[in-house]
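A.B. asks: using only what follows, build the 3D model:
(2 chains)
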Amino acid sequence: MSRQLRSELLKQRTTRTTLTVLACMLGLILLVVLLHVFALSAADLRKASNQPKVYGWGTSIGALFAALLGAVSITSEFRTGTIRPTLLATPNRATVLTAKVLGAGLAGLLVGLIAEVLVSSIASGGLAIRGIHITLSAGDFAQMVAGGAAAGAAWAAIGTGVGALVRNQVGAVVGLCVWLLLVESILIGDVPSAAKFSPGASAGALAGMIQNVSGGALLPPALGALLLLVYAAASASAGLLLTKLRDIP
Amino acid sequence: MQDDNPRLAVQADRRDETPTGLAEPAVRVDGLSKRYGDVVAVDSLTFALQPGTLTGFLGPNGAGKTTTLRLLLGLATPSSGEALIFGRPYRDLQHPARWVGAVLESSDFDPGRSGRNHLRVLALAAGIPRARVEELLELVELEPAADRPVKTYSLGMRQRLGLAAALLGDPELLVLDEPANGLDAAGVHWLRGFLRQFGAGGRTVLMSSHILAEVAQTVDQVLIINHGRLIATVRMDELSDGARSLEELYLELTDTEAQ
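C.D. replies: This next block holds a predicted model:
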């Protein structure tokens, strides 16, 4: 297993995909956070209930890009055909999938961490420039960064499972984007009592805030962590089961 | 290109894995069938390859050659029958790279990854030392291009990189799908020399091809399949005039089948 994990980590480092994903994430973070910090009125931003909504973008963007890295780690192998040499070297598909989930999980942890640190630094810098007092406590920041990193790892596993299920790279990437950026927002707006159990809101619960949601609209962190773990295990297991059952093209 | 390739063996204790492994046929396919819905891609195929033989695997497009190789390598599951490598299903081999090397398609690379890193990724997964990667880059004469992304490689270079990947574990059996595709005359000459030397060491080659003249000059025997069924097994030394009579035989057999 450690051989396969090291192989997966080397795969991540030997194409430009990882760097491209990180660059896209940086661009999106800059756009979203600067727009929120500089376009909203100072009165709105001074409200303690509004600031987590801005800072919460770190959780959703981190989760999204972690999920994309996870999905691409397997769909790119189907797209390029490298899945064949990969499985010839390691015929046990459970070993390959587990190594992919762990490898993507490590990358996702890093992506979640980077996203939260970037969003909090840019948002705090912007608020300071506008002379707006930051209402978040040190504890809030600590939970955001640690929880966001853990949520990134879990979402990378979810993304790997989705990639193994869908196999088609465009399908998996579009599906994950639509779910995290669109469906989750709609659910939270329309059916908040049920939406708090969704995988996106569970990430928010763990980090204390996610895109436009915080506080009472989210589950307690421990419950969010447990739910995320269940989602990650379910997605990875479903991906593994179907990878074992289906032929490789 | 040079003909006298060094053997560059990895000292692998493969014989400890299955003490009886080398007494088994290198490949044993028994009643192998694969159906996709109503389509029968491989139909009750049965054959065995003894160690040390070079075998050509011939048939028209869509005859089931690639499907048979995928079944043999555990990438697809048979509808019925079995395909064994040294007595075991591929998925049960503990160190598959030390038993079998395969080149399935010339495009099985990430275009953005360098040739050297492609080999390193596979060597890591198979537990093969890094030095072996450098030996193989030298063997297939890709060293000068090893750090360039594969998308800059010619088709012939990709074939040689695929062959290098297949040879990482210094295997007993090579399975090659259309290995001469995209090779120029010098490349084909090099490949032929390489395969003969590989076979001379008591190792086994199964190569599919549609270039009959090339196959006739390289292999000891051919299996001809059509519509997923084995229609002939021919030893090359039984043919009076090598390539020409192989072509006549092939066309006659596959043409009769089509009617």
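
A.B. asks: so which bits of the stretch 151-259 of chain B are right by chain A?
C.D. replies: Proximity of the stretch 151-259 of chain B to chain A (Cβ under 8 Å from any Cβ of the partner chain) is limited to residues B:A165. To be clear about C-beta, it is placed using only N, CA and C from the backbone, and glycine gets the same treatment.

A.B. asks: in contact with the residue in the stretch 151-259 of chain B that chain A sits nearest to, which residues?
C.D. replies: Going by Cβ to the nearest Cβ, chain A is nearest to B:A165 of the stretch 151-259 of chain B, at 5.8 Å. Going by Cβ atoms under 8 Å, 6 or more residues apart in numbering or on different chains, B:A165 touches A:P85, B:G101, B:V103, B:H118, B:L119, B:L122.

A.B. asks: just the buried members of those?
C.D. replies: Restricting the contacts of B:A165 to buried positions leaves A:P85, B:G101, B:V103, B:H118, B:L119, B:L122, with burial counted as 16 or more other Cβ atoms under 10 Å in any protein chain shown.

A.B. asks: show residues contacting the helix or strand of chain A with the lowest mean pLDDT.
C.D. replies: Within chain A, no helix or strand scores below strand A:213-214, which has a mean of 78 by mean pLDDT, DSSP states H and E. Where contact means Cβ under 8 Å, 6+ apart, the residues beyond strand A:213-214 that reach it are A:S49, A:P52, A:K53, A:G56, A:I188, A:A201, A:G204, A:G208.

A.B. asks: ditto for stretch B:75-87
C.D. replies: Contacts of stretch B:75-87 from elsewhere in the structure, counted by Cβ under 8 Å, 6+ apart, are A:84, A:87-88, A:247-248, B:18, B:20-22, B:24-35, B:42, B:44-46, B:67-68, B:70-72, B:89-90, B:93, B:99-100, B:104, B:172-173.

A.B. asks: may I see the buried residues of the host helix or strand of the residue of the stretch 151-259 of chain B closest to chain A?
C.D. replies: Per DSSP states H and E: B:A165 is located in helix B:155-167. Buried residues in helix B:155-167, counting neighbours by 16+ other Cβ under 10 Å, are found at B:G156, B:M157, B:R158, B:Q159, B:R160, B:L161, B:G162, B:L163, B:A164, B:A165, B:A166, B:L167.

A.B. asks: and the angle for the helix or strand following that helix with helix B:155-167?
C.D. replies: Remark: after helix B:155-167, the chain's next helix or strand is strand B:173-177, criterion DSSP H and E. Orientation check (axes from the mean of the first three to the mean of the last three Cα atoms, to 10 degrees): strand B:173-177 against helix B:155-167 gives 150 degrees.

A.B. asks: send over the next helix or strand after strand B:173-177 as CSV, restricted to the C-alpha atoms.
C.D. replies: Scanning forward in sequence from strand B:173-177 by DSSP H and E, the next helix or strand is helix B:185-200. In CSV, the C-alpha atoms belonging to helix B:185-200 read as follows (Å, rounded to 0.1, in the frame of the first residue of the first chain):
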residue,chain,number,x,y,z
ALA,B,185,12.2,0.8,-40.6
ALA,B,186,15.1,1.1,-38.1
GLY,B,187,12.6,0.9,-35.2
VAL,B,188,11.0,-2.3,-36.5
HIS,B,189,14.5,-3.8,-37.1
TRP,B,190,15.4,-2.9,-33.5
LEU,B,191,12.2,-4.3,-32.1
ARG,B,192,12.6,-7.6,-34.0
GLY,B,193,16.2,-8.0,-32.7
PHE,B,194,15.0,-7.2,-29.2
LEU,B,195,12.1,-9.7,-29.3
ARG,B,196,14.3,-12.5,-30.7
GLN,B,197,16.9,-12.0,-28.0
PHE,B,198,14.1,-11.8,-25.4
GLY,B,199,12.7,-15.2,-26.7
ALA,B,200,16.2,-16.7,-26.9
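
A.B. asks: what about helix B:185-200, average pLDDT?
C.D. replies: Averaged across helix B:185-200, pLDDT comes to 88.

A.B. asks: so what strands line up beside the next helix-or-strand element following it?
C.D. replies: Where DSSP H and E defines the elements, the next helix or strand beyond helix B:185-200 is strand B:204-208. For strand B:204-208, the paired strands and their directions (DSSP bridges) are strand B:54-58 (parallel), strand B:173-177 (parallel).
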